[in-house]
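Participant: return a 3D structure for these sequence lines:
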Amino acid sequence: MRPTVLFLLPALLCGQGTAYVKANYTKYEYQIPARDGVKLFTAVFVPKDTSKSYPILLSRTPYSLSPYGADNYRPSLGPSEAFAKSGYIFVYQDVRGRWMSEGEFVHLRPHNPNRQSSKDTDESTDTYDTIDWLLKNVKGHNGRVGMWGISYPGFYTVHGVLSRHPALKAASPQAPVTDMWQGDDFHHNGALFLPHAFNFLINIDKPGGHEPTRFALPPFQHRTTSGYDFFLRLGPLANANEKYFKNASALWNDMMKHPAYDDWWRARNTRAHLRSIETAMLTVGGWYDAEDLFGPLRVHETAAKTSPRAPNLIVMGPWYHGQWSGGDGSSLGYAQFNSKTSEYFRDKLQFPFFEHHLKGAADPKLPAATMFETGTNQWREYPQWPPANTAPATFYLREAGKLTAAPASAQSPAFDEYISDPARPVPVSDYESIGMTREYMVGDQRHAARRTDVLVYQTEPLTQDFTASGPIKVSLHVTTTGTDADFIVKVIDVLPDDYPEPDAASDDKRPDPKRMAGFQMLVRGEPFRGRFRNGLDKPEAFTPGQVSKIEFELPDVNHAFRRDHRIMIQVQSTWFPLIDRNPQKFIDIANAREADFQKATHRVYHTPAQASAITFQQLKP
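Facilitator: Sure thing, here's the model as predicted:
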């Protein structure tokens, strides 16, 4: 499996090297009993220096704590190299039902706050039982425990915080999976992120894949390098189970059975349980995380509101999924950040946070929000996120492709229209990939702007910098000739024609040679499935030809559109294969047939009474 298409992945850490780990740590393996008798396979690395005590740092994963065997050591320990050198008791655990742990594995196991007996378990109880066992059976600890994890392990970190174990003093959920219907991983506003969901589940949910084992099954073979071709040939979603899953993926089946935000999805919304937290939290995410951008922003937002007494910090850098854990973080695709952002995070933010809360080191006095500002490429510190010193700034979609601060006049044309054809969807990128790439989040959109089924609006060159900090609100007035439709809105930074080319030394980091002059760099893009315009739990058909209002938010940004750049908005109804195709009929998409997919004409209105617009939160000087 390619790490770039997984929503949960082992951290790509800067390693200390196996020789260093062996020289300074002793490895032990245990089967830790949970309260219902299920044994959780756990590896513990204890410092050989017994002259002092150490905090415990726990990471729980569905991805394997490999290598297995007391004589087989990991090449690195902890979130970064500094931790192993400082000295911690590192603990890695296979979660219930995965790899060498017993029990039944359940994707996104819901938190159960109403437990009645020892048989009522969830990820928080497994964490509590693990911490309790470690404190009683592992020597040399100082009584303090921390947790950390990226993506799915980030999900388990949040649920670990929900254990409310008194010894758990600090936790860092990084890109945590939080709500997989509204914005994390597999669904965004009701639209299915098709290659991401398919490629992940076809590899993790294989027949016989949940028995205790040390060995991975071979990865799925697409037999092509083109995701566009593979998923177009797949046809309707129902074919995925018939041709490939063969009912082996319970999560795929459940997602197909729950096409709206119902009680099944609500039970898996972790935010609902983040109340009265006392553990210090450092939530981490990436502005260009294709998988879990929603999670860290919403976890921090919720904890700040419901647990004001606990330290609650957030860091957002210019990163793809997990990029902060390895490498220097100086670039992503064509985007250059002009500094080693990942190293800064690991050394100046993450390490001091844990040292303070778990070892009693000096308080680093980190701000509530440390957020990288893209565009100007610099770190900013805020006492809260979103910043208090912002004001709404609305840009109106206008006739002739204009984007202005003033709405249209009554004499202007009333709408723009395009024909959307599910048989010929707009490609997400201008290069081939079998899955969802990390680079699409900063990809060039010129290929889309040239299509007749994409509407394009842009400002004149800016006369001064414009910095957007916070969520972006979309308001569209639309009609369709069908009874359902998707609307994808993309916010783009158009580079000026005299924009300098990158240094030759960085060319090898770019997916293919391309001139940067006029580059249309994606800043934020998000789909919205139109049937949910009156609520994600209330699917409703469009009445053909009747104007409907669609309002939704694009995830937060902290981006400076520089002087002489343009702000561009693109509106389209397919984004393939990134999101599944909408038949443009109000039917159960999971059971749609090929004959159900139809062309439809969509209109976007921009009259004074039906003004379509984008609203940023503009940072005040």
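Participant: tell me the SS of the residue of the chain most remote from its centre?
Facilitator: Within the chain, the residue lying farthest from the chain centre (Cα atoms, centre = their mean) is residue 411, at 43.2 Å. With DSSP: H, G, I helix; E, B strand; the rest coil as the basis, the three-state label of residue 411 is coil.
Participant: tell me the pLDDT of it.
Facilitator: Residue 411 is assigned 85 on the pLDDT scale.
Participant: likewise for the one 5 residues further on?
Facilitator: What the model reports for residue 416 is a pLDDT of 98.
Participant: after the host helix or strand of it, which helix or strand is next?
Facilitator: Element membership for residue 416, per DSSP states H and E: strand 415-420. Downstream of strand 415-420, the next assigned helix or strand under DSSP H and E is helix 446-449.
Participant: let me see the contact set for residue 54.
Facilitator: The contact partners of residue 54, by Cβ atoms under 8 Å, 6 or more residues apart in numbering, come to 46-47, 87-89, 140-142. Using the backbone N, CA and C atoms, a C-beta is placed for each residue, glycine as well.
Participant: who is it paired with across the strands?
Facilitator: residue 141 (DSSP bridges).
Participant: what's near enough to touch residue 439?
Facilitator: 320, 332-334, 429, 511.
Participant: typo on my end, it should be residue 99
Facilitator: With Cβ under 8 Å, 6+ apart, residue 99 has these contacts: 41, 62, 64-66, 212-214.
Participant: biggest separation within those, which pair?
Facilitator: 62 and 214 (14.6 Å; Cβ to Cβ).
Participant: on that earlier part again, buried ones in the strand holding residue 416?
Facilitator: Residues of strand 415-420 classed as buried: 415-416, 418, 420 (neighbour count, 16 or more other Cβ atoms under 10 Å).
Participant: ok so, going back, quick one: buried ones out of the contacts of residue 99?
Facilitator: Here, 16+ other Cβ under 10 Å leaves 41, 62, 64-66 buried among those.
Participant: pLDDT below threshold where in the stretch 451-600 of the chain?
Facilitator: In the predicted model, the stretch 451-600 of the chain carries pLDDT under 70 at residues 503-513.
Participant: can you list the strands that the strand holding residue 416 pairs with?
Facilitator: Applying DSSP bridges, one finds strand 415-420 paired with strand 600-605 (antiparallel).
Participant: who touches the strand it pairs with?
Facilitator: With contacts defined as Cβ under 8 Å, 6+ apart, strand 600-605 is touched by 397, 414-420, 455, 476-482, 485, 487, 547, 571, 573, 584, 611-612.
Participant: immediately after it, which helix or strand?
Facilitator: Taking DSSP H and E, what comes next after strand 600-605 is strand 613-619.
Participant: tell me the mean pLDDT over the longest helix along the chain?
Facilitator: Longest helix of the chain, by residue count under DSSP state H: helix 123-137. The average pLDDT within helix 123-137 is 98.
Participant: ends of stretch 600-616, how far apart?
Facilitator: Start and end residues of stretch 600-616 are separated by 30 Å (Cα to Cα, to the nearest Å).
Participant: report the distance from it to the chain centre.
Facilitator: How far stretch 600-616 lies from its chain's middle: 29 Å, per Cα atoms, centre = their mean, to the nearest Å.
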